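Asker: When you get a sec, could you give me coordinates for this:
(one chain, ligands or ions: 3)
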Amino acid sequence: MKVITAKEFLQEQRNQAEPADASQLDAVVGDIISKVRCSGDDALYSLTEKLDGVRLDEMIVSEAEFVEAQEAVSDAFKAAIQKALENITAFHANQTEQSWFMNQEGGITLGQKVTPIERVGVYIPGGKASYPSSVLMNVIPAKLAGVKEIVMTTPPQPDGKVSPYVLAAAKEAGVDTVYKIGGAQAIAALAYGTETIRKVFKIVGPGNAYVARAKKWVFGDVAIDMIAGPSEICIIADETARPRFVAADLLSQAEHDEAARPLLITTDRQIAEAVQDEMSRQTEQLKRKTIIQESMKLNGRIILTESLSEAFDTANSIAPEHLQLMIREPFENLAKVTNAGAIFLGDYSPEPLGDYLAGPNHTLPTSGTAVFSSPLGVYDFVKKSSVIHYSATALDRVSRDIGSLARAEGLSAHANAIQIRKDEGDA
Ligand SMILES: NC(=O)c1ccc[n+]([C@@H]2O[C@H](COP(=O)([O-])OP(=O)(O)OC[C@H]3O[C@@H](n4cnc5c(N)ncnc54)[C@H](O)[C@@H]3O)[C@@H](O)[C@H]2O)c1
Ligand SMILES: N[C@H](CO)Cc1c[nH]c[nH+]1
Ligand SMILES: [Zn+2]
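Answerer: Numbering: from 1, shown residues only. Ligands and ions are numbered 1, 2, ... in the order given. Purely as a prediction, here's the structure:
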């Protein structure tokens, strides 16, 4: 990976404008969305044949396919899914919100009513790898929020089936229906509906550039969780960090995608060199070597800083999806982190722990959006309504003020709705 100073890195970031292929991506995604809107299921079948190389007879996963999947996965996998499900449920249970009401003198009741979104669509990526863990991370908070119907869509494998791991996780998590459709076409189907796929009210879940662009496109017609970009990891390491661990953790995210971004920020040149060596050595042993090497070359950086404080400033300006603190006193320095999707403290809290099993969500803000957004949670699956009740006496007490405000805005019908009640009370 390229070694640069913090100053050079920040300059490099500023120079990075919109990627050159953005308008081409827009054209491809726009075309897919309009095909799905115009031709519904027919478009889904033909796009799946063209883009995934699979001629589907049926897009809904059948009960027999679920049974086949349960039989295909090992007991060890089932046990691991159970453990992950328990931990994710326990963590997210803390996020549930109740409706609340407050009473004020004179017959006033005010409140906030929390209602689950009725129907949600979950996209699970499936192009380069299959992600049963993402099924749990996206479905469990929706279940805890009380969403009535959860549908899932994911690309078919070359044999026309969905990964048995993904199906087994979907069954465990309580997904209602699974569709074998991927990419922008799946997002369009969830957003606008087709003969088979019913329109949902919110779409959640990560995906590649086509999926992300499609979510941006349909936003407004339907709600979305976020625009999730390629995976990112940023590690702050001081001289106490263990190069073998640092290298392994950087590689763990580099293997997702050529566009993944592994970043190391360190105050120590020797650590930088040792991590470089370790990364080259460990990469040789890994299955997804080509993807890893490409990601390290394109987006991997080792950033040298003068001090730990400069390291934190740099990390905060990156606002990474995952931030690992592999420094002498991680807890004591936690307050210095202002922008990060998830923060991992110490040598024994590697990022994959959070990806699979610790409990917090792994769907996190990427591409710097941690400056304004949060991990996926139960709060993403509810909406709130304000509740207002005034008695006749309570309304009478404020009628003059409302009248003044309404007249100031030139809205006499507003004033009238108040005055008419006052007149009746006075009569
Ligand atoms: N943030 C998270 O929580 C999280 C979790 C898992 C994966 N990820 C990320 O999700 C991404 C998954 O990407 P993926 O590609 O493996 O799976 P994907 O399911 O997102 O994309 C595959 C689909 O892309 C479409 N596609 C491929 N080439 C196309 C083309 N030329 N034109 C139009 N459409 C095309 C196809 O329809 C295909 O079904 C990775 O970047 C990974 O890092 C993120
Ligand atoms: N690290 C990914 C999010 O950036 C999530 C994931 C799923 N499986 C493995 N990793
Ligand atoms: Zn990961």
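Asker: for whichever helix or strand residue 404 is part of, packing partners?
Answerer: Counting by DSSP states H and E, the element that carries residue 404 is helix 392-408. In this structure, helix 392-408 packs against helix 412-426, with contacts taken as 3 or more C-beta pairs under 8 Å, 6 or more residues apart in numbering; DSSP states H and E. Any C-beta I mention is one placed from the backbone N, CA and C, and that applies to glycine too.
Asker: Need the contact partners of the helix it packs on.
Answerer: The set of residues external to helix 412-426 that reach it, using C-beta atoms under 8 Å, 6 or more residues apart in numbering, is 392, 395, 396, 399, 402, 403, 406, 407.
Asker: repeat for stretch 39-55
Answerer: Counting by C-beta under 8 Å, 6+ apart, the neighbours of stretch 39-55 from elsewhere in the structure are 32, 35-36, 56, 59, 155-158, 160, 180-183, 185, 189, 193-197.
Asker: Can you give the distance of that stretch from its chain's centre?
Answerer: 26 Å (C-alpha atoms, centre = their mean, to the nearest Å).
Asker: now do stretch 87-95
Answerer: 16 Å.
Asker: That stretch near ligand 1 anywhere?
Answerer: No. Applying C-beta under 6 Å from any ligand atom, one finds stretch 87-95 out of contact with ligand 1, separated by at least 13.0 Å.
Asker: That stretch and ligand 2, any residue contact?
Answerer: No. Using C-beta under 6 Å from any ligand atom, stretch 87-95 never reaches ligand 2; the gap is at least 12.5 Å.
Asker: in the longest helix along the chain, what's buried?
Answerer: Once the chain is assigned using DSSP state H, the helix that runs over the most residues is helix 22-52. Applying a neighbour-count criterion of 16 or more other C-beta atoms under 10 Å, one finds 25, 28-29, 32-33, 35-36, 40, 43-45, 47-48, 51-52 buried in helix 22-52.
Asker: Same question for stretch 1-20.
Answerer: When burial is assessed from 16+ other C-beta under 10 Å, stretch 1-20 yields the following buried residues: 1, 6, 9, 10.
Asker: returning to that earlier point: between the helix holding residue 404 and helix 412-426, how many degrees?
Answerer: With axes from the mean of the first three to the mean of the last three C-alpha atoms, to 10 degrees applied, the angle from helix 392-408 to helix 412-426 works out at 150 degrees.
Asker: and helix 392-408, how far from the chain's centre?
Answerer: Computed by C-alpha atoms, centre = their mean, the chain-centroid distance of helix 392-408 equals 45 Å.
Asker: so residue 232 bridges to which residues?
Answerer: Bridge pairing for residue 232 (DSSP bridges) gives the partners residue 261.
Asker: What number of residues are in the vicinity of it?
Answerer: 28 (other C-beta atoms under 10 Å).
Asker: Isn't it up against residue 261?
Answerer: Yes. With contact defined as C-beta atoms under 8 Å, residue 232 and residue 261 form a contacting pair (4.3 Å).
Asker: okay, and the common contacts of the two?
Answerer: Taking C-beta under 8 Å, 6+ apart as the contact rule, residue 232 and residue 261 both touch 253, 320.
Asker: Tell me the secondary structure at residue 214.
Answerer: Per DSSP: H, G, I helix; E, B strand; the rest coil, the local secondary structure of residue 214 is helix.
Asker: Around it, count how many other residues there are.
Answerer: Neighbours around residue 214, by other C-beta under 10 Å: 29.
Asker: cool, residue 71 as well?
Answerer: As a burial measure, residue 71 scores 9 neighbours (other C-beta under 10 Å).
Asker: Check which helix or strand it maps to.
Answerer: helix 63-72.
Asker: C-terminal to that helix, what's the next element?
Answerer: Under the assignment DSSP H and E, the closest C-terminal helix or strand after helix 63-72 is helix 75-93.
Asker: Report the angle between that next one and helix 63-72.
Answerer: With the same axes, to 10 degrees defining the directions, helix 75-93 sits at 110 degrees from helix 63-72.
Asker: Name the residues that touch the helix or strand following helix 75-93?
Answerer: Toward the C-terminal end, the helix or strand that comes next after helix 75-93 (DSSP H and E) is strand 100-104. Surrounding strand 100-104, the residues in contact under the criterion C-beta under 8 Å, 6+ apart are 109, 110, 111, 112, 387, 394.
Asker: Any figure for the gap between the nearest residue in space to residue 377 that is not next to it in sequence and ligand 1?
Answerer: With sequence-adjacent residues excluded and distances taken as C-beta to C-beta, 6 or more residues apart in numbering, residue 377 is closest to residue 95, at 4.8 Å. Using C-beta to the nearest ligand atom, to the nearest Å, one gets 17 Å for the distance from residue 95 to ligand 1.
Asker: residues contacting residue 95?
Answerer: Contact partners of residue 95, counting by C-beta under 8 Å, 6+ apart, are 141, 144, 377, 378, 379.
Asker: Now list the buried members of the contacts of strand 100-104.
Answerer: When neighbours are counted using 16+ other C-beta under 10 Å, these contain these buried positions: 111, 394.
Asker: Let's see which of the contacts of strand 100-104 end up in strands.
Answerer: Taking DSSP state E, the ones among those that sit in strands are 109, 110, 111, 112, 387.
Asker: Which strand or helix spans the closest residue to ligand 2 within the stretch 51-200 of the chain?
Answerer: At 4.5 Å from ligand 2, residue 133 is the closest residue in the stretch 51-200 of the chain, using C-beta to the nearest ligand atom. With secondary structure defined by DSSP H and E, residue 133 is part of helix 132-145.
Asker: In contact with residue 146, which residues?
Answerer: With contacts taken as C-beta under 8 Å, 6+ apart, residue 146 has the following neighbours: 116, 381, 382.
Asker: so of those residues, which ones are in strands?
Answerer: Among the contacts of residue 146, the members falling in strands (DSSP E) are 116, 382.
Asker: who in the protein is up against ligand 1?
Answerer: Of all the residues in the chain, those in contact range of ligand 1 (C-beta under 6 Å from any ligand atom) are 28, 51-52, 125-129, 131, 134, 155, 182-184, 206-208, 210-211, 228, 230-231, 256-257, 260, 362-363.
Asker: List only those of the residues you listed flagged as buried.
Answerer: When burial is judged by neighbour count using 16+ other C-beta under 10 Å, the buried members of the residues of the chain next to ligand 1 are 28, 51-52, 125-127, 131, 134, 155, 182-184, 206-208, 210-211, 228, 230-231, 256-257, 260, 362-363.
Asker: Now go through those and say which are in strands.
Answerer: In this view, those have no member that belongs to strands under DSSP E.
Asker: Counting only helices, which of those residues make the cut?
Answerer: Checking these against DSSP H, those in helices are 28, 51, 52, 134, 183, 184, 210, 211.
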